[in-house]
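Trainee: Predicted model, plus sequence, below.
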Amino acid sequence: MKITWENNSVSPWIARRLVLSLIVVSGLAIPVAAQSFSKSFRVSPEASDLEVVNKMGSVTVVAAEGNAITITAHQISGEARIEAVQKSPSRVKVEVSGSAPVDFVVGVPPHSTLDLLCYKGSITVKYVTGQLRARTTEGDIQLIGIRSVRVEARSTSGDVSFSGDVLPSGSYTLKSFSGRVEATLPATADFKLQASSFRGGLELGGFQMSFNKQTDKSVDAVSGSGRAAVYLWTQEGSIHLHRKP
Amino acid sequence: MDCRLVVNSLSNYLDGSLLEAEVRLLEIHLAECPPCNIVRLELAEIRSAARELPLHTPQRALWKRIQLSIEVGESQQGKGREAIEQPGRWSRLMSRHFTFTLPQLAGAGALVLALVGFSLFNLSRHAGQPLNIQGGTGPSLIQAKAAMLPGEPEMREDIERRMSILNARKAAWDPPMREVFDSHLGKIDESLNHCRRNLLANPADQDHQQMVMALYEEKLRLLEDFDKLK
Amino acid sequence: MSVMLAGEQANNVTVEATNVTASDYELAQAAARGDMEAFEALYERHHRRVYSLCLRMVANVTEAEDLTQEVFVQLFRKIGSFRGESAFTTWLHRLTVNQVLMHFRKRGVRLEQTTEEGEMQDVVQVGSERPHSMPVIDRIALDKAIAQLPPGYRAVFVLHDVEGHEHEEVAEILGVSVGTSKSQLHKARMKLRELLNKKL
């Protein structure tokens, strides 16, 4: 930064020091401003792939028409750094370093494959049809209106809920170490079920099932002809299967 | 020889595809040029480490998905093969048909009675003694070894390897991240120890068997997730 | 489980017990006859190797699992054609590599692409500033560094250094010349060296 002075009654040396001090003091007085981040990537129409590695903060992904992955992030403090990179025509990776929370809202083409990770924060995904993997250590996971052939959602301490369709040959794994695991499926859903809760109990939502195995802690059953595989697991929490009308 | 030319030839040198004359010139240069020699050592380490990379383990549910795909494929092709349910080795065993003669049944019954009697005798001898799974011989070690589930040793090895890497990096993590990691890992370990103790007492308990493997997998996935975070 | 006395007629087909020490060839023969237990035994023996190869080639867990699934489904369909002329592992390995290459083609991944952004500058760094500063290589760090390589370098490095193919085989698999395979391997190793040194 260059400061130039015309002829002035104040000594230039003192004036420069005063200005610099004012800048430093005002910098200290103003709290680190919340910032916004916004980036958009054009992806190929046949396939798109998003990976988000957050640390603290929420990740919300919503299907949106078009061929772009649009990432916005809010309430960032200066201690968080976001890297959003297009790794290939179909693949975008977003990664956060630093210690401050970042909340993401991302729009993706509906068929996108998603891989979402944070250690402290909730994850919400809505209306996608691509394969989906969501993990958080502390936080809830909500998957809404999903119509995907492959879903994996895992929280160590948080609730995991899924509502959507189960497709033939689909695989749906919902796990929480200490939270509640909940799946809402169509009444006509055709699936094999393996469900285990060590402490919290299981509610099977009135699906017509034939049981290969049933104890107070685990169930191995089939609804319909068992064309999809649904795996629900919790160690400490409870499992709830609901039927959509 | 020019350093740039030497470095560009190092991979071929390490792979043994240089001519003798080229090797001689290169080695003369390497003997006199420490920086180039360092590059050679580092490339050699990468090459050697690549050969010893560990195998990765996919999710256990993958086998189920493969089975389903095969079943769907077969029914679509109209082969008329019955979809085969393979929920587990125990269930397959339960669905089998066995044919025994009377003397065979009697002999099997006598053997079972003898084993039960021997186990009861040993239990009464060892009642109150702590379970030693660290070393030594005897019923407690046999019991512990017998309680090791298929796939468990590999999972434990994988977990130990990842733990040692993460422990080295933990010091550089933010305190909140370290706290979340330690606290949740501790809870999983506590549950794992509880399930394992139950399994040692009752090795045939399928629920505890499933829980133990599920907890190992949970622990492994937690370590993998934290390994990805910066 | 039903237990019958000798002399009773069995109504159900008795499944033959699978010999746990059976060779891959024997298991493949049994699987070709419809023995799912034999096929599962083959899966148990080989799935980690298949998955590890897929994972290192595509550097993505979800894609690697999907590819592994496709490999084993293909294996099931083709297992009747395995005649034992080569080792089963070699046959399965080739099946896996073919699936990975098909996956790259479907996704528009160009293996001749050696950088993420245009042509790579010559990254020959002659010597390190610190004498032999790379520590004994952490295998997990190397795995992560491999995942960061551009697809073309990654494919050559995995096939040659990790899987042990000769350059002639790598060249044939990837449809490049032997010279290209050698030069890409060198650049892959130099890039890995750079990535691993950055971690210090």
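Mentor: Alright, I've got the coordinates. Numbering: from 1, shown residues only, chains lettered A, B, ... in the order given.

Trainee: how does chain A divide up, domain by domain?
Mentor: Annotated domains of chain A cover A:32-139, A:161-245 [automatic domain parsing].

Trainee: Pipe these into CSV and attach mean pLDDT and distance to chain B per row.
Mentor: All C-beta spots, glycine's among them, are computed from the backbone N, C-alpha and C. Shown next, in CSV, are the domains of chain A (pLDDT from 0 to 100; distance: least, C-beta to the nearest C-beta, whole Å):
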stretch, mean pLDDT, distance to chain B
domain A:32-139, 90, 4
domain A:161-245, 91, 5
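
Trainee: In a markdown table, list those domains along with mean neighbour count.
Mentor: Putting those into a markdown table (neighbours: other C-beta atoms under 10 Å in any protein chain shown) gives the following:
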| stretch | mean neighbour count |
| --- | --- |
| domain A:32-139 | 19 |
| domain A:161-245 | 20 |
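
Trainee: Distance to C:Thr90 added to those, as TSV?
Mentor: Formatted as TSV, the domains of chain A follow (distance: least, C-beta to C-beta, whole Å):
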stretch	distance to C:Thr90
domain A:32-139	31
domain A:161-245	30
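
Trainee: which one of those domains lies closest to B:Glu20?
Mentor: Nearest to B:Glu20 among the domains of chain A is domain A:32-139 (43.0 Å), distances taken as C-beta to C-beta.

Trainee: Are the closest one and chain C in contact anywhere?
Mentor: Yes. Legend: contact between domain A:32-139 and chain C by C-beta under 8 Å from any C-beta of the partner chain is shown at A:44, A:46-47, A:49, A:51, A:85, A:87-90, A:113, A:115, A:131, A:133.

Trainee: near chain A, which residues of chain C show up?
Mentor: Within chain C, the residues that sit near chain A (C-beta under 8 Å from any C-beta) are C:60-63, C:66, C:106-109, C:116, C:151.

Trainee: Of the residues you listed, which is the nearest to A:Ile141?
Mentor: Comparing the residues of chain C next to chain A against A:Ile141 with C-beta to C-beta places C:Thr62 closest, at 16.2 Å.

Trainee: hmm, which helix or strand of chain B has the shakiest average pLDDT?
Mentor: Every helix and strand in chain B was compared by mean pLDDT, DSSP states H and E; the lowest is helix B:139-146, with a mean of 49.

Trainee: Report whether whatever helix or strand comes next after that one contacts chain A.
Mentor: Next helix or strand after helix B:139-146 toward the C-terminus (DSSP states H and E): helix B:152-170. No. Judged by C-beta under 8 Å from any C-beta, helix B:152-170 and chain A are separated, with a smallest distance of 12.5 Å.

Trainee: Could you give the number of residues near the residue of chain B found nearest chain C?
Mentor: Nearest residue of chain B to chain C: B:Pro35, at 2.0 Å (C-beta to the nearest C-beta). B:Pro35 sits with 16 neighbouring residues when counted by other C-beta atoms under 10 Å in any protein chain shown.

Trainee: Please apply the same query to B:His194.
Mentor: Count around B:His194 with other C-beta under 10 Å applied: 16.

Trainee: so residue 183 is in which element?
Mentor: Picked chain A for this. Under the criterion of DSSP H and E, A:Ala183 resides in strand A:181-186.

Trainee: The intended chain is chain C.
Mentor: Using DSSP H and E, C:Ser183 falls in helix C:178-198.

Trainee: Put the alpha carbons of that helix into CSV.
Mentor: Extracted C-alpha coordinates of helix C:178-198, given in CSV (Å, rounded to 0.1, in the frame of the first residue of the first chain):
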residue,chain,number,x,y,z
VAL,C,178,5.3,-48.5,-24.8
GLY,C,179,7.2,-45.2,-24.9
THR,C,180,4.1,-43.3,-23.8
SER,C,181,3.5,-45.8,-21.0
LYS,C,182,7.1,-45.4,-19.8
SER,C,183,7.0,-41.6,-19.9
GLN,C,184,3.6,-41.3,-18.2
LEU,C,185,4.8,-43.7,-15.5
HIS,C,186,7.9,-41.5,-14.8
LYS,C,187,5.7,-38.4,-14.7
ALA,C,188,3.3,-40.1,-12.3
ARG,C,189,6.1,-41.1,-10.0
MET,C,190,7.5,-37.5,-10.0
LYS,C,191,4.1,-36.1,-9.3
LEU,C,192,3.6,-38.5,-6.4
ARG,C,193,7.0,-37.4,-5.1
GLU,C,194,5.9,-33.8,-5.3
LEU,C,195,2.6,-34.6,-3.5
LEU,C,196,4.2,-36.6,-0.8
ASN,C,197,6.8,-34.0,-0.1
LYS,C,198,4.2,-31.3,0.2
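
Trainee: how far out from the middle of the chain is that helix?
Mentor: Offset of helix C:178-198 from its chain centre (C-alpha atoms, centre = their mean, to the nearest Å): 20 Å.

Trainee: Just confirm yes or no for that helix near chain B.
Mentor: Yes. Judged by C-beta under 8 Å from any C-beta, helix C:178-198 and chain B are in contact via C:182, C:185-186, C:189-190, C:192-193, C:196-197.

Trainee: got it, and stretch C:45-64?
Mentor: Yes. For stretch C:45-64, a contact with chain B is found by C-beta under 8 Å from any C-beta, at C:47-49, C:51-52, C:55-56, C:64.

Trainee: Go through these and flag which are in helices.
Mentor: Among the residues of stretch C:45-64 next to chain B, the members falling in helices (DSSP state H) are C:47-49, C:51-52, C:55-56, C:64.

Trainee: By mean pLDDT, which helix or strand of chain C comes out lowest?
Mentor: Lowest-scoring helix/strand for chain C, mean pLDDT, DSSP H and E: strand C:2-5, at a mean of 34.

Trainee: Report the next helix or strand after it in sequence order.
Mentor: helix C:24-32.

Trainee: List the buried residues for that next one?
Mentor: Within helix C:24-32, the residues that qualify as buried are C:24, C:26-32, counting by 16 or more other C-beta atoms under 10 Å in any protein chain shown.

Trainee: So A:Ser197 is in contact with A:Val219, correct?
Mentor: No. A:Ser197 lies out of contact with A:Val219 (C-beta atoms under 8 Å); the separation is 9.3 Å.

Trainee: What lies in contact with stretch B:64-73?
Mentor: By C-beta atoms under 8 Å, 6 or more residues apart in numbering or on different chains, the surrounding residues in contact with stretch B:64-73 are A:168-169, A:171, A:192, A:227-229, A:231, B:83-84, B:86, C:36, C:43, C:69, C:72-73, C:76-77.

Trainee: Which members of those are positioned in helices?
Mentor: Mapping these onto helices (DSSP H) picks out C:36, C:43, C:69, C:72-73, C:76-77.

Trainee: Now name the helix or strand holding the residue of chain B closest to chain C.
Mentor: In this structure, B:Pro35 is located in helix B:34-50 according to DSSP H and E.

Trainee: what comes up buried for stretch B:217-230?
Mentor: Buried-residue list, stretch B:217-230, by 16+ other C-beta under 10 Å: B:217-226, B:229.

Trainee: Spatially central, which residue of chain B would that be?
Mentor: B:Glu154 (2.1 Å; C-alpha atoms, centre = their mean).

Trainee: Please look at it and B:Pro54 and confirm they touch.
Mentor: No. Checked against C-beta under 8 Å, the pair B:Glu154 and B:Pro54 is beyond contact range at 10.1 Å.

Trainee: what is the residue nearest the centre of chain A paired to in the beta sheet?
Mentor: Relative to the mean C-alpha position of chain A, the nearest C-alpha, by C-alpha atoms, centre = their mean, is the one of A:Ile123, at 3.3 Å. Counting by DSSP bridges, A:Ile123 is bridged to A:Val59, A:Ile141.

Trainee: pretty sure it contacts A:Gly57?
Mentor: No. Applying C-beta under 8 Å, one finds A:Ile123 not in contact with A:Gly57, separated by 10.3 Å.

Trainee: What residues does C:Ser140 make contact with?
Mentor: Residue C:140: Ile, not Ser. By C-beta under 8 Å, 6+ apart, the contact set of C:Ile140 is B:161-162, B:165, B:227.
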